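Participant: Pasting the sequence and the predicted coordinates here, then a few questions.
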Amino acid sequence: MTVCVTGAASGIGQAISLGFLEDGAKVVAVDINSEGLKRLDEKGAITKIIDITDFNQVNSMVKTAIEETGRLDVLFNNAGVARLRNIHELKDDEYEKVIRVNVFGPVYGIRAAIPVMREQNFGRIINLVSRAAEAGNNRMAPYNSSKAALWSVTRVAAVENIDYDILINGMIPGPTKSGMMPQGQNPEVVYPSARWMATLPSGGPTGKVFWNKKEYVMFSKENITYNFVKINWVTGERTPLNLDER
């Protein structure tokens, strides 16, 4: 199995790359952080400096997978960024950068990977989404909206490839330690779910979102994150808001 992982230099991306390597997969690990890729290079990964906001560079990632291994079985769209600001306080290009990385990056990956996967009649694409997509909270418009958009992209891409053995799903990792989040579970905890989704059988689920190997129905009022809350980003205090009758 050949697996491409974006944002592989740290956090979830690195943990998933290491997991696949240990399980015997061939891993193409990409990031803009060359230093962070050294550990994966030492473990046998094919590493490459890639800016996922540039389609030509993303396409070169897929070409590298084909040239080095002969195929591309799994694309894990993991790379992501966030900016914590109220909308009116966003600086020039901050919102746009989040969208470029969190939405355009995965879209470019899908654009590059699908022709190869269709020719193989096999592929698994996993997009890292987030429950933040359904949350109404302050200072999170760039990140939240990017993940909502990626959820929609996942559903559309699944339908477009329904006639092939190509499964395209979203994965929620849960709160995980990373460059964006200093608290949470260790990234290694995410790998079993990633492996499960990467090895789904033919005819398996597509166009869905999973969290810990269970389907998660986005935008349901029963979800704890589907609410309005004002967050004090200094203290962490959360104040729930009831806007149902407004």
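Facilitator: Nice, I can see it. Quick caveat: nothing in here was measured; it's all calculated off a predicted structure.
Participant: Name the single longest helix found in this structure.
Facilitator: Ranked by number of residues, the top helix in the chain under DSSP state H is helix 141-160.
Participant: most centrally placed residue in this protein?
Facilitator: For the chain, the residue nearest the mean C-alpha position is residue 128 (2.4 Å; Cα atoms, centre = their mean).
Participant: Look up which residues are beta-bridged to it.
Facilitator: residue 171 (DSSP bridges).
Participant: Report the contact partners of it.
Facilitator: Neighbouring residues of residue 128 by Cβ atoms under 8 Å, 6 or more residues apart in numbering: 12, 76, 77, 78, 80, 150, 170, 171, 173. No exception for glycine: its C-beta is placed from N, CA and C like everyone else's.
Participant: buried stuff in the longest helix of the chain?
Facilitator: 141-151, 153-155, 157-158 (16 or more other Cβ atoms under 10 Å).
Participant: Closest one of the residues you listed to residue 65?
Facilitator: residue 157 (18.6 Å; Cβ to Cβ).
Participant: With respect to residue 93, which of the buried residues of helix 141-160 is nearest?
Facilitator: Closest to residue 93 out of the buried residues of helix 141-160 is residue 142 (10.9 Å), distances taken as Cβ to Cβ.
Participant: right, and that closest one touches residue 83 too?
Facilitator: Yes - under the criterion of Cβ atoms under 8 Å, residue 142 makes contact with residue 83 at 4.9 Å.
Participant: Pull up the overlap in contacts between these two.
Facilitator: Taking Cβ under 8 Å, 6+ apart as the criterion, residue 142 and residue 83 both touch 90, 94, 95, 98.
Participant: Do a quick rundown of the strands in this structure.
Facilitator: 2-6, 26-31, 46-49, 74-77, 123-128, 136-137, 166-172, 209-211, 214-215, 228-231, 238-241 (DSSP state E).
Participant: In TSV, list those strands along with distance to residue 68 and mean pLDDT.
Facilitator: Output for the strands of the chain, formatted as TSV (distance: least, Cβ to Cβ, whole Å; pLDDT from 0 to 100):
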stretch	distance to residue 68	mean pLDDT
strand 2-6	8	98
strand 26-31	7	98
strand 46-49	5	98
strand 74-77	15	98
strand 123-128	17	98
strand 136-137	43	95
strand 166-172	21	98
strand 209-211	29	98
strand 214-215	34	98
strand 228-231	44	95
strand 238-241	47	94
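Participant: and those, which is most packed in?
Facilitator: Among these, the stretch with the highest mean neighbour count (mean count of other Cβ atoms under 10 Å) is strand 74-77, at a mean of 30.
Participant: May I have it exported as PDB, CA atoms only?
Facilitator: Backbone C-alpha positions of strand 74-77 (Å, rounded to 0.1, in the frame of the first residue of the first chain) are rendered in PDB as follows:
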ATOM      1  CA  VAL A  74      -4.400   6.300   0.100                       C
ATOM      2  CA  LEU A  75      -4.400  10.100   0.300                       C
ATOM      3  CA  PHE A  76      -4.600  11.600   3.800                       C
ATOM      4  CA  ASN A  77      -5.400  15.300   3.600                       C
END
